[in-house]
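Visitor: predicted model and sequence below, questions to follow.
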Amino acid sequence: MTSPSLLPASSALHVPCIGVFDSGVGGLTVLKALREQLPDVPLHYLADAAHAPYGDRSSAYIVERSVRVAEHLHALGARMAVVACNTATVHAVQAMRERWPAWPVVGTEPGVKPAVAATRTGRIGVMATTATIASRRYEQLVAAHATDVTLISQPCPGLVTLIEQGDLRSAELDRLIERYCAPLREAEVDTVLLGCTHYPLVQARIQAALGDGVRLLNIEDAVARQAKRIWDGLGIAPEGSASIVLESTGDPAPLQVLAREALGWRDAVATRVAT
């Protein structure tokens, strides 16, 4: 994959862009889909790694951090925001929309409805963070779309933390994936929704643990298509190059490593920011 134009944050201040954030590196999967849908639009990505993982935090904490991160992106010129985090979406998107009613905000929700449409046997698994599964929004999605199927919600504490470390080949990661996939195999699900944007970074390992007969679903492409529809409607003229800025509130090394190795962006440089 050819590297896009990757710039340090200092060279992209106040350029009209799409601001993208996640608790950590997981939102890179959404960032990749956004670049494919919007190749000419500058993207500014912030990983809130100093406060990750969100999935083990309280709802109030998730709201507070999400709004703070969004303020940073808004101040730097983002004309819309993409919340590339399922947990932040179900807990904080409404607060963001109330804080900036004229600022378009695109969330990333667990795709329960597409999973129900995809199942052949009526047995579905959802792998997500503890906070996502405990959220009122997730309950609403299940109640609205999954009353006629068997749905097994599998919380995956610790999985995001291991992915955040950047070693996607560790034996510890394989053991944790096996622990969370085993109940889904035993339940004989035929479809599993990856309800966290981190999980597609280890999708091949999850697939191996579940077996080839299980279909995996994620929703990054749908999020990117929605963002494109909204961005196109804003009518913003491009300024400068379609750069990508990568920032982290914590150690930027895992973000940089995964952007280079998982996405193939060999020139990726991530910097640390205090926010």
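Guide: Cool, got the structure.

Visitor: how would you label residue 63: helix, strand or coil?
Guide: helix (DSSP: H, G, I helix; E, B strand; the rest coil).

Visitor: same check on the one 3 residues further on?
Guide: In the three-state summary, residue 66 is assigned as helix, counting by three-state DSSP.

Visitor: so where does the residue lying closest to it once chain neighbours are set aside fall, helix or strand?
Guide: Among residues not flanking residue 66 along the chain, residue 92 sits closest, at 3.6 Å (CB to CB, 6 or more residues apart in numbering). Every C-beta, even on glycine, is put in place using the N, C-alpha and C of the backbone. Residue 92 is part of helix 86-99, with elements assigned from DSSP states H and E.

Visitor: packing partners for that helix?
Guide: helix 59-75, strand 78-83, strand 105-106, helix 130-134, helix 136-145 (3 or more CB pairs under 8 Å, 6 or more residues apart in numbering; DSSP states H and E).

Visitor: any idea how far residue 180 lies from residue 128?
Guide: According to CB to CB, to the nearest Å, residue 180 and residue 128 sit 10 Å apart.

Visitor: those two: who's more crowded?
Guide: residue 128 (25 against 20; other CB atoms under 10 Å).

Visitor: got phi/psi on residue 173?
Guide: phi -60, psi -40 (degrees, to the nearest 10).

Visitor: quick one, what contacts it?
Guide: Neighbouring residues of residue 173 by CB atoms under 8 Å, 6 or more residues apart in numbering: 159, 162, 163, 167, 202, 205.

Visitor: burial count for the nearest residue to the first one once chain neighbours are set aside?
Guide: In this structure, residue 159 finds its nearest non-sequential neighbour in residue 176, 5.6 Å apart by CB to CB, 6+ apart. Around residue 176 sit 20 other residues, with neighbours defined as other CB under 10 Å.

Visitor: numbering from 816 from now on, please.
Guide: All right, first residue 816 from here; so that's residue 991.

Visitor: so residue 991 touches residue 975, yeah?
Guide: No. Look at residue 991 against residue 975 with CB atoms under 8 Å: they stay out of range, at 10.4 Å.
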